[in-house]
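1. Dropping the sequence and predicted coords here.
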Amino acid sequence: MTKLSVNINKFATLRNSRGGNNPDVLKMALDAERFGADGVTVHPRPDERHIRYSDVREIKAAIVTEFNIEGNPEEQKFVDLVLEVRPHQVTLVPDALGQITSNHGWDTIKNKQYLIDIISVFKNAGIRTSIFVDPDVAMIEGAKATGTDRVELYTEGYAKHFHEDKQSAISQYVEAAKAANRLGLGINAGHDLDLYNLQYFAQNIPGLLEVSIGHALVCDAIYLGYENAVQMYKRQLQ
């Protein structure tokens, strides 16, 4: 079954908006795994506007499920943190400084040598690597040449067009997944997946190993309760 990793960034955003420690981000991570999530994802940014670097250290020391850290490796501070904490997986995202949220994948052809170099740094430390990519077969083929273990399919395009024509919305992702399978790359996915579009995506993407979901799950938790939301997302993956 496809694994669910809960991205807890939005809990940190809420905490930081008021100061103090409410909600407790560490507790949110521990509760995610207690409620049935297969892992926890964080995306610390240089300005620490949501997840703080201290959060990352505390979470890694406390959780027992998979820990995934996302971020732009062009920030040396990020690279140093990952090498210090040594999560199970690092997901490399080409975010610009100050960017609100991720909005595109790597050009794995243009950035081939850079990705080869930085991926080797993490793999030499025993950390599984995944790189954020658009659903483009050429980018998947380029990813293979970088030495990455997995790709994470950027799913905003799928989510945006799902209600108009779900078959058309997913077609590029199916072809990208087939290419990844053929090349021996693991497949993750994330961005704007929710309770409405997740099941169809998971059922139609061959070899989907893991989805990382944050914003939609946290929003649903407000209405449905955190435990219930986590378990509802898990059921969509069965």
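-> It's in.
2. all strands for the protein, in order.
-> Along the chain, counting by DSSP state E, strands occupy 3-7, 39-42, 66-71, 89-92, 128-133, 150-154, 186-190, 208-213.
3. I'd like to know which elements the longest helix seen in the chain is packed against.
-> Under DSSP state H, the helix in the chain containing the largest number of residues is helix 166-183. Counting contacts by 3 or more C-beta pairs under 8 Å, 6 or more residues apart in numbering; DSSP states H and E, helix 166-183 packs against helix 137-146, strand 150-154, helix 156-161, strand 186-190, helix 198-204. (Glycine included, C-beta is placed from N, CA and C.)
4. among those, which is nearest residue 12?
-> For the helices and strands packed on helix 166-183, the distance to residue 12 is smallest for strand 186-190, at 17.2 Å, taking C-beta to C-beta.
5. Given the closest one, what are its sheet partners and their directions?
-> Strand 186-190 sits in its sheet next to strand 150-154 (parallel), strand 208-213 (parallel), going by DSSP bridges.
6. any idea which of those is most buried?
-> strand 150-154 (a mean of 27; mean count of other C-beta atoms under 10 Å).
7. Looking at that strand now, give me its mean pLDDT.
-> The pLDDT scores in strand 150-154 average 98.
8. what angle separates that strand from helix 137-146?
-> With axes from the mean of the first three to the mean of the last three C-alpha atoms, to 10 degrees as the basis, strand 150-154 and helix 137-146 are set at 150 degrees to each other.
9. which other residues reach strand 150-154?
-> Residues outside strand 150-154 that contact it (C-beta atoms under 8 Å, 6 or more residues apart in numbering): 89, 91, 102, 104-105, 128-135, 140, 143, 173, 176-177, 180, 185-191, 205, 209, 212.
10. The residue nearest the centre of the chain and residue 133, how far apart?
-> The residue lying closest to the centre of the chain (C-alpha atoms, centre = their mean) is residue 212, at 4.3 Å. For residue 212, the distance to residue 133 equals 14 Å [C-beta to C-beta, to the nearest Å].
11. Pretty sure residue 195 sits against residue 216.
-> Yes - with contacts counted by C-beta atoms under 8 Å, residue 195 reaches residue 216, the gap being 7.2 Å.
12. how near is residue 122 to residue 171?
-> 32 Å.
13. can you check residue 182 too?
-> Applying C-beta to C-beta to residue 182 and residue 171 gives a distance of 17 Å.
14. circling back: could you export the strands paired with strand 186-190 as JSON lines, including distance to residue 57?
-> JSON lines is the format used below for these (distance: least, C-beta to C-beta, whole Å):
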{"stretch": "strand 150-154", "distance to residue 57": "23"}
{"stretch": "strand 208-213", "distance to residue 57": "20"}
